[in-house]
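Undergrad: coords please:
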Amino acid sequence: MDKKAKVIMIQGTMSGVGKSLIVAGLCRIFKQDGYRVCPFKSQNMALNSFVTKQGLELGRAQAVQAEAAGVEPSVLMNPVLLKPTCDTGSQVIVGGEVRANMSAKEYFSYKKQLIPEILKAYRQLEQQYEVIVVEGAGSPAEINLNQEDIVNMGLAELLDAPVLLAGDIDRGGVFAQLAGTVMLLKPEERARVQGIIINKFRGDQSILEPGVEMIRQITKIPVMGVVPYMQVDIEEEDSLTMRFAANNPGALLDLSVIRLPHISNFTDFAVLEGREQVNLHYVTSLSQLKAPDMILLPGTKNTLDDLRWLRETGLEAAICRAVKGGCAVFGICGGYQMLGRTISDPQQVESGGDIRGMGLLPLVTTLTENKTRTQVRGRLGTLSGVLKGLSGLALEGYEIHMGRTEVFQGQGAASMAKIAAQTGASQELEADGCCLDNVYGTYVHGIFDADGIAGELLSCLAQKKGVVFTHAKEQSRREYKETQYNLLADTLRSHLDMEAVYRIMEVQR
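TA: Here you go, the predicted structure:
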């Protein structure tokens with residue numbers, strides 16, 4: 001291959017058509033075919049993020065895609081990350097570090113100034129990899145935004161990238177999506193679209209064939225494949241995820257995740273999903289909460305507003321009643337902060353002021369402008385209550401938070417974990433989090449992913465309930481992910497014309 005990396009770009013007719021999954025699958029296919037490959041997304045908007053070994057932040061999807069490619073996640077793969085703080089504003093992260101909080105209008109006027117930094121990141125990747133799989137965002141046919149575009153056709157022009165356009169047939173109207181998108185593109189943009197992918201198909205493909213032929217004739221673009229609705233378990237970052245609707249009634253154990261309005265890093269709970277004897281479901285109301293064996297409070301991009309929401313919906317009072325009844329509660333990051341006595345925001349990092357916490361753990365939190373971003377490793381402490389069986393287990397994960405928490409240890413509480421920052425010069429173990437009776441909290445995202453923790457947690461809950469939770473020796477989380485990436489690649493390879501993809505990229509195989 002030439003020294004300059006070959007490139008292919010996946011754009012979609014709208015959000016949620018499966019672009020991220022297709023990119024991950026292509027990354028794994030190119031890896032299997034012997035190429036050094038990586039993902040790239042110039043601008044991502046997501047509340048699920050990941051911290052690199054260098055302590056820099058990028059979108060979770062690009063970290064997953066890098067994992068599928070078999071390479072270390074790098075902030076170069078996602079130079080601009082937007083984390084919404086409200087309906088009209090976001091925290092703008094450039095090069096893995098917070099640059100500013102901006103309204104949508106401010107960012108729209110500002111974003112073209114980021115092009116040099118986006119191109120610099122991409123050129124650095126070009127020197128390291130043979131193939132780069134680029135992901136667009138939303139739709140290239142947002143005609144009110146196209147003049148300032150830095151993530152769809154505007155980026156494709158900057159990179160001189162051929163484009164495959166994906167549409168979601170599962171929601172219906174895929175032919176209108178595809179034809180309408182192509183129609184709204186400028187002639188030079190339309191020329192970049194080298195193929196169409198119909199994604200998430202269920203049923204008999206022979207029935208679809210007449211429509212496939214007609215969309216070829218209408219758009220004058222070949223259909224590169226009809227990809228089935230893939231039954232793969234790959235982490236998602238988008239709030240459009242189907243995980244929020246999952247339900248497994250009749251399972252032995254019931255775990256309720258509170259779906260906060262600004263929920264972030266819900267992938268913390270992926271390792272607990274999909275188990276035959278577990279019903280992990282997301283709740284937004286009292287009627288959905290019922291009587292779970294454990295309540296999980298996730299991270300959030302707006303702790304103060306989401307705590308107020310808990311109060312207004314009555315869920316806070318219900319959680320406190322559940323704790324008095326012996327239910328276990330586990331908070332991570334923002335969820336951990338909520339469990340304390342007070343949260344103060346003197347620098348107006350969020351909405352400012354002080355707010356009373358849930359009072360379930362003896363701690364106080366002060367929000368600060370300085371953002372903690374680090375990978376960590378360590379061990380769980382000597383835990384109290386129903387989860388005491390987890391005591392001493394090894395863990396690893398990462399922290400992303402804007403806050404400093406003080407724990408009052410002399411009131412029956414114990415440290416949730418002892419951790420060391422993998423990026424820091426000092427490797428001395430420090431306390432992280434707190435537990436008291438059946439209430440647990442920590443800043444560590446991914447705490448359930450380390451070998452043995454999820455299985456032991458479920459066994460502890462089952463023992464308290466008086467039921468037998470049986471599970472054979474499980475694959476490690478890493479091994480399980482590898483099987484899912486390979487399944488994704490096998491499925492995509494079977495339904496996508498990879499020979500045509502290689503031709504479009506001008507790769508001599």
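Undergrad: drop to CA atoms for contacts and neighbour counts, all remaining ones
TA: Fine.
Undergrad: Nearest spatial neighbour of Gln337, chain-adjacent residues omitted?
TA: Distance criterion Cα to Cα, 6 or more residues apart in numbering; nearest residue to Gln337, sequence neighbours excluded, is Thr365 at 6.3 Å.
Undergrad: try Ser391
TA: Excluding the flanking residues, the one nearest Ser391 by Cα to Cα, 6+ apart is Thr382, at 4.8 Å.
Undergrad: correct me, but the residue nearest to Gln337 touches Ser344?
TA: Yes - under the criterion of Cα atoms under 8 Å, Thr365 makes contact with Ser344 at 6.2 Å.
Undergrad: mind checking the backbone torsions on Val163?
TA: Main-chain dihedrals, Val163, degrees, to the nearest 10: phi -120, psi 140.
Undergrad: residues in contact with it?
TA: By Cα atoms under 8 Å, 6 or more residues apart in numbering, the contact set of Val163 is 8-11, 156, 192-195.
Undergrad: Look up the residues forming beta bridges with it.
TA: Met9, Val193 (DSSP bridges).
Undergrad: got the CA coordinates for stretch 363-381 in PDB?
TA: The C-alpha trace of stretch 363-381 is given here as PDB (Å, rounded to 0.1, in the frame of the first residue of the first chain):
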ATOM      1  CA  LEU A 363     -19.900  12.400  52.300                       C
ATOM      2  CA  VAL A 364     -20.000  15.900  50.800                       C
ATOM      3  CA  THR A 365     -19.100  16.900  47.200                       C
ATOM      4  CA  THR A 366     -17.900  20.100  45.800                       C
ATOM      5  CA  LEU A 367     -18.000  20.500  42.000                       C
ATOM      6  CA  THR A 368     -14.900  22.000  40.600                       C
ATOM      7  CA  GLU A 369     -13.800  23.300  37.100                       C
ATOM      8  CA  ASN A 370     -10.900  20.900  37.000                       C
ATOM      9  CA  LYS A 371     -11.900  17.700  35.400                       C
ATOM     10  CA  THR A 372     -10.500  14.400  36.700                       C
ATOM     11  CA  ARG A 373      -9.600  12.000  33.800                       C
ATOM     12  CA  THR A 374      -7.600   8.900  34.600                       C
ATOM     13  CA  GLN A 375      -7.400   5.200  34.200                       C
ATOM     14  CA  VAL A 376      -7.200   3.400  37.600                       C
ATOM     15  CA  ARG A 377      -6.600  -0.100  39.000                       C
ATOM     16  CA  GLY A 378      -6.800  -1.500  42.500                       C
ATOM     17  CA  ARG A 379      -8.900  -3.600  44.800                       C
ATOM     18  CA  LEU A 380     -12.300  -3.400  46.400                       C
ATOM     19  CA  GLY A 381     -12.100  -2.600  50.100                       C
END
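Undergrad: State the mean pLDDT of that stretch.
TA: What stretch 363-381 shows for mean pLDDT is 92.
Undergrad: Go through it and flag the buried ones.
TA: Using 16 or more other Cα atoms under 10 Å as the test for burial, stretch 363-381 gives 363-368, 372-381.
Undergrad: partner strands of the lowest-mean-pLDDT helix or strand in the chain, parallel or antiparallel?
TA: Counting by mean pLDDT, DSSP states H and E, the weakest-scoring helix or strand in the chain turns out to be strand 417-421, with a mean of 73. According to DSSP bridges, strand 417-421 forms sheet pairs with strand 372-380 (antiparallel), strand 430-432 (antiparallel).
Undergrad: Would you point out the most distant pair within the contacts of Val163?
TA: Greatest spatial distance in the contacts of Val163: Ala156 and Gly195, 14.4 Å, computed using Cα to Cα.
Undergrad: still on that earlier bit, would you confirm that the residue nearest to Ser391 contacts Lys388?
TA: Yes - contact criterion Cα under 8 Å: Thr382 and Lys388 qualify, at 6.9 Å.
Undergrad: How are the strands of the stretch 351-500 of the chain distributed by residue range?
TA: If DSSP state E, counting those that start in this stretch is used as the criterion, the strands of the stretch 351-500 of the chain fall at 353-356, 363-366, 372-380, 394-401, 404-407, 417-421, 430-432, 434-436, 439-442.
Undergrad: Output those as JSON lines; include the columns distance to Gly335.
TA: Output for the strands of the stretch 351-500 of the chain, formatted as JSON lines (distance: least, Cα to Cα, whole Å):
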{"stretch": "strand 353-356", "distance to Gly335": "14"}
{"stretch": "strand 363-366", "distance to Gly335": "12"}
{"stretch": "strand 372-380", "distance to Gly335": "16"}
{"stretch": "strand 394-401", "distance to Gly335": "11"}
{"stretch": "strand 404-407", "distance to Gly335": "12"}
{"stretch": "strand 417-421", "distance to Gly335": "16"}
{"stretch": "strand 430-432", "distance to Gly335": "14"}
{"stretch": "strand 434-436", "distance to Gly335": "12"}
{"stretch": "strand 439-442", "distance to Gly335": "8"}
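Undergrad: Out of those, the one nearest Leu47 is which?
TA: Across the strands of the stretch 351-500 of the chain, Leu47 has its closest neighbour in strand 394-401 (11.1 Å, Cα to Cα).
Undergrad: Contact partners for Ile118?
TA: Remark: with contacts taken as Cα under 8 Å, 6+ apart, Ile118 is in contact with 42, 79-80.
Undergrad: can you do 10 Å?
TA: Residues near Ile118 by Cα atoms under 10 Å, 6 or more residues apart in numbering: 40-43, 76-80, 94-95, 112, 150-151, 155.
Undergrad: What about the residues you listed, which are in helices?
TA: Among the contacts of Ile118, the members falling in helices (DSSP state H) are Leu155.
Undergrad: Output the below-cut-off pLDDT ranges for the stretch 201-350 of the chain.
TA: Within the stretch 201-350 of the chain, the ranges that satisfy pLDDT under 70 run 237-246.
Undergrad: and stretch 161-172, which residues are buried?
TA: For stretch 161-172, by 16+ other Cα under 10 Å, it's 161-169.
Undergrad: so how far is the first residue of it from its last?
TA: In stretch 161-172, first residue to last residue: 29 Å (Cα to Cα, to the nearest Å).
Undergrad: what's the spacing between Cys333 and Gly441?
TA: Counting by Cα to Cα - Cys333 and Gly441 are separated by 8 Å.
Undergrad: Quick one, which of the strands of the stretch 351-500 of the chain gets closest to Leu178.
TA: Within those, the stretch nearest Leu178 is strand 394-401; the backing value is 38.2 Å (Cα to Cα).
Undergrad: buried residues in the closest one?
TA: By neighbour count on 16+ other Cα under 10 Å, the buried set for strand 394-401 is 394-401.
Undergrad: Using CSV, please lay out those residues together with distance to Asn265 and pLDDT.
TA: CSV is the format used below for these (distance: Cα to Cα, whole Å; pLDDT from 0 to 100):
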residue, distance to Asn265, pLDDT
Ala394, 21, 92
Leu395, 17, 92
Glu396, 15, 92
Gly397, 12, 93
Tyr398, 11, 93
Glu399, 11, 93
Ile400, 10, 92
His401, 12, 91
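Undergrad: In CSV: the residues you listed, plus distance to Val227.
TA: Output for these, formatted as CSV (distance: Cα to Cα, whole Å):
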residue, distance to Val227
Ala394, 40
Leu395, 37
Glu396, 35
Gly397, 34
Tyr398, 34
Glu399, 36
Ile400, 36
His401, 38
